[in-house]
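Q: Pasting the sequence and the predicted coordinates here, then a few questions.
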Amino acid sequence: MPSTVQFNFDNTYQHLPASFYSEVKPAFIQNPQMVMFNEDLAGFLGLRLLDKNPEALAAIFAGNTLPEGAFPLAQAYAGHQFGNFTMLGDGRAILLGEQITPQGERFDIQLKGAGRTPYSRSGDGKAHLSAMLREYLVSEAMHHLGIPTSRSLAVVLTGEPVYREKVRPGAILTRVAQSHLRVGTFEYARNFHEGKYLKDLLQYSIARHFPELEDSDHQALAFFEAVMNKQLELIVHWMRVGFIHGVMNTDNMSIAGESIDYGPCAFMNVYNPLTVYSSIDEQGRYAYGNQPYIAHWNLGSLASALLPEIAPSTEEAVKIAQKSISHFPKAYENKWLEMMGHKLGIESIRPTDKALIDDLLHWMQKNEADYTNTFLYLRRRKFPEGSIYQQSDFKEWLHQWQERIKANPEVAQQLMDKNNPAFIPRNHLVEKALESASNQGDMREFQDLLTVLQNPYEDRAGLEAYQEAPAEVDKGYRTFCGT
């Protein structure tokens, strides 16, 4: 049966040694049904829709009809999960192929929840509708917030039950990413097959993501530092909007510097660096305020995996790697200060600005202020009557801030408008939309929320319900992994 969607696949992952993947076809779905299709993303990717019939599209994005040029495979990788090293791999995801866009960019097209693979272990290889819609919603929200991220092309109902904390309707997500190479892929290359394929993976990764490094005299170190810089930028973005990934294992850290694997993710309402929502993060390892430290830890795992390529002598390689990674904390602090300065309309940070920033954050934590809305009120220069923002200590801070930015108010406003969203995926609204979609088959709330989140920086009147979080709305709130 010919495909109703014309792809432009140019697959390269299978050029790596066969140990890095297993060829596997998606499980056949008896009666797939389209739930979501991202036409804007399809256009960007250069996909040609020869037939917009929902049944025909569902057959493609359920994996029943393989497009011409597809080379379905599941990737092998390892990873540190909550600090513990283990063998992993795509247990419920199948890479269809690598799409070349009209602009010449390369993106993986992957089906998530498409059935068991050789890496499924005791898993069922399936995904449920609520989790796949969450990834669709949050990944698209992150994209429109200007944060590097995988994206979502389609969601298909499978018509099969999935057993998690309760029985849920099954679904398959089509995910788009620059690649699915992870820190865990390098840990796998170093620790399995006697490490003999590490060089192959390094050269492939450089050719795919950092071709400017191909002529470097110290490729492994240059590659590590390029990945570190991308992670610095990414984590600063997460901190800017109050995003909490929830499961920052090394297998969820993309070499391309994209946010990926949206499981128990959420956005912080009340400012508190210790905020955790994930039901599986019992110790708070991946709390909001810990994310830069965990990124540093994960990069240490990448450096460790790369040691044989950094220098012939392990002792020498360790010294070189330690010197390189030791720059992370200061580099992060500088980027974080610059970002927070921009949120406050400060174009160039001065040494005294750190105290101004810290004082605001301490006040927010003490008074349980909403993170997003505090910066939105500052951006508007308007604060709710009878609120915590009328306190004398806040007004004193406000005066100091106003003095700081008064020299160039136009630039300050532009910076604040650009860096402070008016709309984020509020947890209670996300859950309400997912509940209606998953349990009642009603997609209206989901679609309405998605529409608002596609333009997050424009402060529009009449949408206050999408900006406010009810008091104590997150008390006891927990998100789940979906596996």
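A: Yep, that arrived.
Q: drop to CA atoms for contacts and neighbour counts, all remaining ones
A: Fine.
Q: where along the chain do the strands fall?
A: Secondary structure of the chain, counting by DSSP state E: strands at 5-6, 21-23, 33-37, 48-49, 73-75, 78-81, 84-87, 93-100, 106-112, 127-128, 151-163, 167-177, 243-244, 266-267.
Q: Can you say which of these is nearest to Leu221?
A: Checking these against Leu221 by Cα to Cα gives strand 78-81 as the closest, at 20.7 Å.
Q: Just the C-alphas of that closest one, formatted as PDB.
A: Only the C-alpha atoms of strand 78-81 are listed here, as PDB (Å, rounded to 0.1, in the frame of the first residue of the first chain):
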ATOM      1  CA  ALA A  78      22.900   2.900  28.700                       C
ATOM      2  CA  GLY A  79      22.500   5.600  31.400                       C
ATOM      3  CA  HIS A  80      22.600   6.600  35.000                       C
ATOM      4  CA  GLN A  81      19.100   6.500  36.300                       C
END
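Q: thinking again about what came up before, identify whichever of the strands of the chain lies nearest to Glu140.
A: Of all the strands of the chain, strand 151-163 comes closest under Cα to Cα, at 6.0 Å.
Q: just to revisit the earlier point, how about the strands of the chain in TSV, adding mean neighbour count, mean pLDDT and distance to Ser259?
A: Shown next, in TSV, are the strands of the chain (neighbours: other Cα atoms under 10 Å; pLDDT from 0 to 100; distance: least, Cα to Cα, whole Å):
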stretch	mean neighbour count	mean pLDDT	distance to Ser259
strand 5-6	18	90	27
strand 21-23	18	98	22
strand 33-37	20	97	21
strand 48-49	14	88	27
strand 73-75	25	98	18
strand 78-81	22	97	17
strand 84-87	13	96	21
strand 93-100	26	98	17
strand 106-112	24	98	14
strand 127-128	26	94	19
strand 151-163	22	95	9
strand 167-177	24	95	9
strand 243-244	24	98	11
strand 266-267	24	98	13
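Q: Adding distance to Trp401, write these out as CSV.
A: Output for those, formatted as CSV (distance: least, Cα to Cα, whole Å):
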stretch, distance to Trp401
strand 5-6, 54
strand 21-23, 54
strand 33-37, 45
strand 48-49, 52
strand 73-75, 50
strand 78-81, 42
strand 84-87, 44
strand 93-100, 48
strand 106-112, 44
strand 127-128, 47
strand 151-163, 37
strand 167-177, 40
strand 243-244, 25
strand 266-267, 26
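Q: Just tell me which of those ends up closest to Glu55.
A: With respect to Glu55, and counting by Cα to Cα, the nearest of the strands of the chain is strand 33-37 at 6.6 Å.
Q: who touches the closest one?
A: Applying Cα atoms under 8 Å, 6 or more residues apart in numbering, the contact partners of strand 33-37 are 54-55, 57-58, 153-159.
Q: Out of these, which is nearest to Phe394?
A: Closest to Phe394 out of those is Leu153 (44.3 Å), distances taken as Cα to Cα.
Q: can you pull the contacts of the closest one?
A: Counting by Cα under 8 Å, 6+ apart, Leu153 touches 36-39, 41-42, 136, 173-176.
Q: just the residues you listed now: which is nearest Tyr288?
A: Tyr136 (21.6 Å).
Q: how many other residues sit next to that closest one?
A: Neighbour count of Tyr136, defined by other Cα atoms under 10 Å: 25.
Q: Tell me who's in contact with it.
A: 151-155, 173.
Q: Now do the longest helix along the chain, average pLDDT.
A: Longest helix of the chain, by residue count under DSSP state H: helix 219-241. What helix 219-241 shows for mean pLDDT is 98.
Q: Report the buried residues of that helix.
A: Within helix 219-241, the residues that count as buried by 16 or more other Cα atoms under 10 Å are 219-228, 230-241.
Q: Could you pull up the residues touching Ile147?
A: 234, 237-238, 258-259.
Q: can you check Ile260 too?
A: Per Cα under 8 Å, 6+ apart, neighbours of Ile260: 149-150, 252-254.
Q: Let me know the closest of those residues to Glu385.
A: Thr149 (37.7 Å).
Q: center of the protein, which residue is that?
A: The chain has Ser259 as the residue nearest its centroid, 2.3 Å off, counting by Cα atoms, centre = their mean.
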